[in-house]
Structures are given as structure tokens and as C-alpha cells.
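J.: Here's my sequence, what's the structure:
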Amino acid sequence: MVYWLPKVWKDRQWDDYYFHQMLIWKLQRMEDFFNSENARSEDATNCAKQINEVKSLFLRIIGDNYFEEIGKDYIDKHWTNGATDWLENLNKENSEERAEFSVINDQAYKNRSDDLDKAYSKLRDNILDWWD
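T.: Numbering: from 1, shown residues only. Prediction:
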């Protein structure tokens, strides 16, 4: 209870961020255990590595920088005058900027979905082997 109380206290029901935060925290505890001298499994190092890979994907997911990663040129070009100008341009009908934004945003959404698929697939494929 001592370990979980601070995490549960910060939990919210708003979106997937909080769910993934709890999952990351649990994965970190498991990774620390498999990297410790307390782990007895011969495969402990491999378990820790697999857990770290899954945890890293979830950290990437909650970081949610997908648009920024692929839209750097767009951001540099259109977001220089602040959010107000950017939103005004984006709301103009048939603007090139809106079309460019949509393409980048769609790709960012796909990349996030791909990472979610990867993270949950790795979790599904390995979790039954993560025991000591």
C-alpha cells in the first residue's frame, strides 16, 4: 500500500495518460527487480531488457510528441507567431496550411497507434515469462 498510495492519489479518469502512467510505474518496479540481486531467474537480464523496451514505448506514447517529431518544418514555418496566428490560419477554409496540418496530424496519429500496437503486442507476448 505504501508503494501504491502516491500513484493512486494522482490517478485521474480523464484519458489513457493516467492508465499508462500506472502501467509504466509497475513496469519500472518489475525492471528494477529483474536487474537486482533479488531476482533468481536465469533469464532475469533478458526479462529486464524486454520490460524496458515495453516501458520505453509507453513513455513515448504518453510523451505524445508525434506531431512535433514529423512536423518540425511545419512548426518552424507556421508556429513562429504563436498559437493565435496559427489557429487563425488553420481555421481558414481551404487553406494550404490546413491541408498540410491534416497530413502531418494523420501521420502522427498513425505513428502513435503503431506504437500502441507494438507496446501491447510486446506486453502480451512476454508478460507470462516475466516471473521469478
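
J.: list the contacts for the closest residue to D43 other than its chain neighbours?
T.: Closest residue to D43 apart from its sequence neighbours, by C-beta to C-beta, 6 or more residues apart in numbering: D129 at 7.2 Å. C-beta here means a position set from N, CA and C on the backbone, and glycine is covered the same way. With contact taken as C-beta atoms under 8 Å, 6 or more residues apart in numbering, D129 is in contact with 43, 47, 50.

J.: Equivalent analysis for E53, please.
T.: Contacts here follow C-beta under 8 Å, 6+ apart; on that basis E53 touches K122.

J.: Check which helix or strand it maps to.
T.: Using DSSP states H and E, E53 sits within helix 44-63.

J.: Helices of this protein, residue ranges please.
T.: 5-10, 16-34, 44-63, 66-70, 72-78, 83-91, 96-126 (DSSP state H).

J.: Among those helices, show the one with the smallest mean pLDDT.
T.: Mean pLDDT is lowest for helix 83-91 out of those, coming in at a mean of 62.

J.: Can you verify my assumption that E100 contacts I75?
T.: No: counting by C-beta atoms under 8 Å, no contact exists between E100 and I75, whose distance comes to 10.9 Å.

J.: So if I had to pick from these two, which one is more boxed in?
T.: For E100 versus I75, the count of surrounding residues by other C-beta atoms under 10 Å is larger for E100: 16 against 13.

J.: Let me have the contacts of D129 in a markdown table, extended by distance to K118 and neighbour count.
T.: A markdown table is the format used below for the contacts of D129 (distance: C-beta to C-beta, whole Å; neighbours: other C-beta atoms under 10 Å):
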| residue | distance to K118 | neighbour count |
| --- | --- | --- |
| D43 | 22 | 15 |
| C47 | 18 | 21 |
| Q50 | 13 | 22 |
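
J.: Quick check: chain neighbours aside, which residue is closest to L27?
T.: Distance criterion C-beta to C-beta, 6+ apart; nearest residue to L27, sequence neighbours excluded, is K55 at 4.2 Å.
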